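**Q** Requesting a structural model of the entry that follows:
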Amino acid sequence: MLSVILRLATLFTVSEALHTALVVQDNTQTIFADEVKVPVVLGVMSRCPDAILCESVFNRVLQRVGDKVDISLSFLAKANASEPVYGVTCLHGPEECAGNVQELCVAKYHPTSVWWPFVQCQNFQGREKIGTPETAASCASAAGIDWENGEAGQCAGQDGQGEEGIQLLQASAAHSVELDIQKSCTVLINGEKVCIRDGTWYECENGHAPADFIRQINEVYERLNSPE
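**A** Numbers count the residues shown, from 1 in each chain. Have a look, this model is predicted:
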């Protein structure tokens, strides 16, 4: 119980960080709302142990550079016209498809400061509970989402089988193919694959610790926002 409380404390520390004002002072640099944020994509599967580990690493990254990034999740699933509910096959079963749907719906209808804590909360429950209606409702409540009446809950549906959510999952799976994401978790920073976690970290030329990702994001941020 104590470990869960500590984890949730960290989770909401990140949430507060992501609520940072549009203009913040970072040592000697002022970050303005109209400056370009760094696109960060995590290619994941909601019930994948590597994805959960990867997202925990980025939980620490966002504590430091959350105001500089535009983070999103792109889900891996195989198109399957004969799959009766989702139209795709999820590696860890239909429950994972439901978890993917829930996370996509929350991300569509809420800012990062809300959907990221929702994802982290799902992860904290243990991967076997991701995608269940009970976990979704509990984590929605923890993140301040009206799951029963709000748009995200309607999108996902009670069992993670909402029509809109299924469409989002199919589109996300197709987007992962377009990005050539083949492993969960694949990290892309500004459109470039920088690291993969699949049983172990590999193809991580610039490192895979939180500090390494923070450094890379800061470097890209400076480049994107440097005067021409």
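**Q** Which positions in the one helix or strand Q154 maps to come out as buried?
**A** According to DSSP states H and E, Q154 maps onto helix 151-156. Of the residues in helix 151-156, A152, G153, Q154, C155, A156 count as buried by neighbour count, 16 or more other Cβ atoms under 10 Å. Yep, even glycine has a C-beta here, placed from its N, CA and C like the rest.
**Q** got a markdown table for these, with distance to H175 too?
**A** Formatted as a markdown table, the buried residues of helix 151-156 follow (distance: Cβ to Cβ, whole Å):
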| residue | distance to H175 |
| --- | --- |
| A152 | 19 |
| G153 | 23 |
| Q154 | 23 |
| C155 | 17 |
| A156 | 19 |
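**Q** From these, pick the one nearest I52.
**A** Proximity of the buried residues of helix 151-156 to I52 was ranked by Cβ to Cβ; the top entry is A156 with 19.4 Å.
**Q** ok, now which ones touch that closest one?
**A** A98, V101, Q102, C105, V106, A136, G162, G165 (Cβ atoms under 8 Å, 6 or more residues apart in numbering).
**Q** Among those, the buried ones, what's the PyMOL command?
**A** PyMOL command restricting the contacts of A156 to the buried ones, with burial defined by 16+ other Cβ under 10 Å:
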select buried, resi 98+101+102+105+106+136+162+165
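**Q** that older thread, for the helix holding Q154, the averaged confidence score.
**A** Helix 151-156 shows a mean pLDDT of 98.
**Q** Alpha carbons of that helix, as CSV, please.
**A** Listed next in CSV are the C-alpha coordinates belonging to helix 151-156 (Å, rounded to 0.1, in the frame of the first residue of the first chain):
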residue,chain,number,x,y,z
GLU,A,151,-16.5,12.2,-23.7
ALA,A,152,-13.6,9.9,-23.0
GLY,A,153,-15.7,7.3,-21.3
GLN,A,154,-18.3,7.4,-24.0
CYS,A,155,-15.5,7.0,-26.6
ALA,A,156,-14.1,4.0,-24.9
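**Q** starting at the chain centroid, how far to it?
**A** Remark: helix 151-156 is offset 17 Å from the chain centroid, using Cα atoms, centre = their mean, to the nearest Å.
**Q** returning to that earlier point: need the contacts of A156 in JSON lines (columns: distance to I71 and pLDDT).
**A** Formatted as JSON lines, the contacts of A156 follow (distance: Cβ to Cβ, whole Å; pLDDT from 0 to 100):
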{"residue": "A98", "distance to I71": "22", "pLDDT": "98"}
{"residue": "V101", "distance to I71": "19", "pLDDT": "98"}
{"residue": "Q102", "distance to I71": "17", "pLDDT": "98"}
{"residue": "C105", "distance to I71": "17", "pLDDT": "98"}
{"residue": "V106", "distance to I71": "13", "pLDDT": "98"}
{"residue": "A136", "distance to I71": "21", "pLDDT": "98"}
{"residue": "G162", "distance to I71": "23", "pLDDT": "98"}
{"residue": "G165", "distance to I71": "20", "pLDDT": "98"}
